[in-house]
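Student: fold the stuff below for me.
(one chain, ligands or ions: 3)
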Amino acid sequence: MEAISNKISSSLALTPLPLENSLRRNGFGPVIVRSRNHASRIRKRSRVFAEIPQNQSARRHAGIDFSDPDWKSKYQRDFEERFKLPHITDIFEDAKPIPSTFCLRMRTPVNEQFIDGYPSDEKWHGYINNNDRVLLKVINYSSLTSAGAECIDPDCTWVEQWVHRAGPREEIYFKPEKVKAAILTCGGLCPGLNDVIRHIVITLEIYGVKNIVGIPFGYRGFCDKELTEMPLSRKVVQNIHLSGGSLLGVSRGAPTVSEIVDSMEERGINMLFVLGGNGTHAGANAIHNECRKRRMKVAVVGVPKTIDNDILLMDKTFGFDTAVEEAQRAINSAYIEAHSAYHGIGIVKLMGRSSGFIAMHASLASGQIDVCLIPEVPFHLHGPHGFLRHLKYLIETKGSAVVCVAEGAGQNLIEKTNATDASGNIVFGDIGVHIQQETKKYFKEIGVPADVKYIDPTYMIRACRANASDGILCTVLGQNAVHGAFAGFSGITIGICNTHYAYFPIPEVISYPRAVDPNSRMWHRCLTSTGQPDFV
Ligand SMILES: Nc1ncnc2c1ncn2[C@@H]1O[C@H](COP(=O)(O)OP(=O)(O)O)[C@@H](O)[C@H]1O
Ligand SMILES: O=P(O)(O)OC[C@H]1O[C@](O)(COP(=O)(O)O)[C@@H](O)[C@@H]1O
Ligand SMILES: [Mg+2]
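Tutor: Ligands and ions are numbered 1, 2, ... in the order given. Model (predicted):
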């Protein structure tokens, strides 16, 4: 891929800031001091804000001048602009819509070519109005110190943030018989890929599209001459959701954007559905921009895929639930081993490159974890407040212990590999093995017997079929991807947002990886469940 310009950084600013810099560094511009009391309130707030980890929203709001009485409406206007969905009429101003061919009364297979015009039914109210919106944030935080607070200004002013509701529109910008739709899956595997592919194909057929193909092995399939596109139909995809993996195959690394778009032009693809994570979406957005530059009437629509759940603004990504469920098996085995051994210690490492969601949720769900370690929360292994001292305490008091560690945790404790994968992602050192070795060494040194068992289920948590809740999520996302493309949007992706479904411009959801907020209720719940102290 071309310059990995917006390659995301996972570093969190966790160190407390000097008081005098805190307001400005946290994005708070000059503040009007109204009274002595007010001054002390501001001072207190800024101190509090300086002491809590810099959450992701704080980074977003740098540069706003809160002394401007109009800042809120300016912020909202800017927000609306940022979340405006790119549409093909931005480039083709005279593109005329036609009534949708997606009519819920035409559930039977459509064989006719719509020679007598497109079916429409003015009485049908099953469509989404373009002005429908979904509320992005639903908590009105009254204080910067409220758990998980995502405040824009130091007073935590309530600012409504609306995003575009996903779903079928009454008017569409593509004639189904002129559509050649392509689907690809890219990055690592994720439970539910086949479910999404299946629903994209089924929904395209309901609109009347006949020419649907799968691009094999992600972006690679566009330019590798050995790989041929796979014709797709309801018949082909009917049962694919019964197995895990991807019917189309996945890969990391890619040709350049211009090679991909050249290939799309050659093949006559005018709808591209891209299932992938942060990297794949960055690619999809670059493809969308290149198509615009070449004035190609193409809809590029992403569907976020990652077991890591590290995509911004959405409740969760598909596959995450299933991965958490699968992780339970590993944790349960570790628990049984540890519980049955004399001074047994079970250590489980779970995927999660820069976000600890899988480890946190699996720990919470299992109720068998004594210590959960995630990348977002620094920890020491040694010393009076270190992890190992706590393990000793657990062995003395409980007789056994079970630990869950995310793959990206504690990277500062091990040697860097300096390696990257084909997509440019950093290959981490193995924190699980390191903890296992250090634990064995520590107990040997203090002369306390310990039976350490290490379980790394690696690919087992993602190389499996989606569970029921992910299956439903995949269904809705797949269908909405097609609705978005027919509505004429491009450079967009879809997510579940406070239980509703919304379209987002791609850059808004991938500007950095979503991470567990150490000040969130969920992390606090996890700590309550494990009973672990801070290891710093
Ligand atoms: N910043 C980027 N711009 C364009 N393409 C990218 C970018 N980062 C990754 N890609 C491409 O996206 C694909 C998948 O990226 P990867 O990080 O492996 O998986 P994921 O999409 O799951 O994050 C790869 O083919 C990679 O080359
Ligand atoms: O070995 P692979 O296939 O590169 O995948 C490992 C990575 O895949 C993941 O599960 C998900 O990563 P992606 O979202 O980039 O696919 C990470 O947690 C893990 O680091
Ligand atoms: Mg990624």
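
Student: make it CA atoms for all contacts and neighbour counts henceforth
Tutor: OK.

Student: what does stretch 279-297 rub up against?
Tutor: 1, 6-7, 88, 91-92, 186-187, 257-258, 260-261, 270, 274, 298-302, 304, 423, 490-492, 506-507, 510 (Cα atoms under 8 Å, 6 or more residues apart in numbering).

Student: go on, stretch 429-446?
Tutor: Among residues not part of stretch 429-446, those counted as contacts by Cα under 8 Å, 6+ apart are 347-349, 388, 392, 405, 407-411, 414-417, 449-450, 452-454, 456.

Student: is any part of it close to ligand 2?
Tutor: No - applying Cα under 6 Å from any ligand atom, one finds stretch 429-446 separated from ligand 2 by no less than 10.9 Å.

Student: average pLDDT across that stretch?
Tutor: Predicted confidence along stretch 429-446 averages 98 (mean pLDDT).

Student: cool, and stretch 179-191?
Tutor: Here stretch 179-191 scores 98 as its mean pLDDT.

Student: likewise for stretch 517-536?
Tutor: Averaged over stretch 517-536, pLDDT sits at 97.

Student: straight-line length of that stretch, end to end?
Tutor: 17 Å (Cα to Cα, to the nearest Å).

Student: quick one: buried residues of that stretch?
Tutor: Counting neighbours by 16 or more other Cα atoms under 10 Å, one finds that the buried residues in stretch 517-536 are 517-519, 522-523, 526-527, 529-530, 532, 535.

Student: among the residues you listed, which ones are in helices?
Tutor: In helices, judged by DSSP state H, the following of the buried residues of stretch 517-536 are found: 522-523, 526-527, 529-530.

Student: in helices, which of the contacts of stretch 429-446 appear?
Tutor: Under the assignment DSSP H, these contribute 388, 392 to helices.

Student: among the contacts of stretch 429-446, which are in strands?
Tutor: If you go by DSSP state E, these have 347-349, 405, 452-454 in strands.

Student: report all helices and strands that the top helix by length along the chain contacts.
Tutor: Secondary structure of the chain per DSSP H: the longest helix is helix 320-340. Helices and strands in packing contact with helix 320-340 are listed as strand 344-350, helix 357-366, strand 400-406, strand 451-455, helix 468-486; criterion 3 or more Cα pairs under 8 Å, 6 or more residues apart in numbering; DSSP states H and E.

Student: closest to ligand 1 out of these?
Tutor: helix 357-366 (15.3 Å; Cα to the nearest ligand atom).

Student: can you list the strands that the helix or strand following the closest one pairs with?
Tutor: Later in the chain than helix 357-366, the nearest helix or strand by DSSP states H and E is strand 371-373. The partner list of strand 371-373 in its sheet, established with DSSP bridges, is strand 400-406 (parallel).

Student: now check the strand it pairs with, is it near ligand 2?
Tutor: No - counting by Cα under 6 Å from any ligand atom, no contacts exist between strand 400-406 and ligand 2, the nearest distance being 8.8 Å.

Student: all strands of the stretch 201-350 of the chain, in order?
Tutor: Per DSSP state E, counting those that start in this stretch, the stretch 201-350 of the chain carries strands over the ranges 211-214, 230-231, 271-276, 299-304, 344-350.

Student: pairing partners for the third one, with directions?
Tutor: By that I understand strand 271-276. Strands flanking strand 271-276 in the sheet, each with its direction: strand 180-185 (parallel), strand 299-304 (parallel) (DSSP bridges).

Student: contact residues of this structure facing ligand 2?
Tutor: 187-188, 277, 306-308, 351-353.

Student: one more pass at 8 Å, please.
Tutor: 186-190, 252, 276-279, 305-310, 350-354, 407-408, 421, 425, 427, 459, 462 (Cα under 8 Å from any ligand atom).

Student: and ligand 1, which of those reach it?
Tutor: Among the residues of the chain next to ligand 2, the ones lying close to ligand 1 by the criterion of Cα under 8 Å from any ligand atom are 186-189, 252, 276-279, 305-306, 421, 425.

Student: who wins on neighbours among these?
Tutor: When neighbours are counted by other Cα atoms under 10 Å, Lys305 leads these with 32 neighbours.

Student: which residues does that residue bridge with?
Tutor: Legend: beta-bridge partners of Lys305 under DSSP bridges are Phe318.

Student: tell me the contacts of it?
Tutor: Contacts of Lys305 were listed using Cα under 8 Å, 6+ apart, and they are 190, 193, 275-277, 317-319.

Student: ok, back up a step: filter the residues of the chain next to ligand 2 down to just the ones in helices.
Tutor: The subset of the residues of the chain next to ligand 2 located in helices under the criterion DSSP H comprises 278-279.

Student: now the helices and strands packed on helix 320-340 as JSON lines including mean pLDDT and mean neighbour count?
Tutor: Supplementary listing: the helices and strands packed on helix 320-340 in JSON lines, determined by pLDDT from 0 to 100; neighbours: other Cα atoms under 10 Å:
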{"stretch": "strand 344-350", "mean pLDDT": "98", "mean neighbour count": "28"}
{"stretch": "helix 357-366", "mean pLDDT": "98", "mean neighbour count": "24"}
{"stretch": "strand 400-406", "mean pLDDT": "98", "mean neighbour count": "27"}
{"stretch": "strand 451-455", "mean pLDDT": "98", "mean neighbour count": "19"}
{"stretch": "helix 468-486", "mean pLDDT": "98", "mean neighbour count": "23"}
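
Student: what about those, which gets the closest to Arg234?
Tutor: Taking Cα to Cα, helix 468-486 is the member of the helices and strands packed on helix 320-340 nearest to Arg234, at 13.5 Å.

Student: I'd like the next helix or strand past that closest one.
Tutor: Past helix 468-486, heading to the C-terminal end, the next element that is a helix or strand (DSSP H and E) is strand 492-497.

Student: now do the residue located most distally from the centre of the chain against Ile260, distance only.
Tutor: Counting by Cα atoms, centre = their mean, the extreme residue of the chain relative to its mean C-alpha position is Gly447, 44.8 Å from that point. Spatial separation of Gly447 from Ile260 under the definition Cα to Cα is 61 Å.

Student: and Ser142, by the same measure?
Tutor: Taken as Cα to Cα, the span from Ser142 to Ile260 is 48 Å.

Student: okay, those two: which has more neighbours?
Tutor: More neighbours surround Ile260 than the other of Ser142 and Ile260, with 21 against 13 (other Cα under 10 Å).

Student: and the gap between the residue nearest the centre of the chain and Lys137?
Tutor: By Cα atoms, centre = their mean, the chain has its centre lying nearest to Ile311, at 2.1 Å. When Cα to Cα is the yardstick, Ile311 and Lys137 sit 16 Å from each other.

Student: for Thr530, same thing?
Tutor: To Lys137, Thr530 is 29 Å away according to Cα to Cα.
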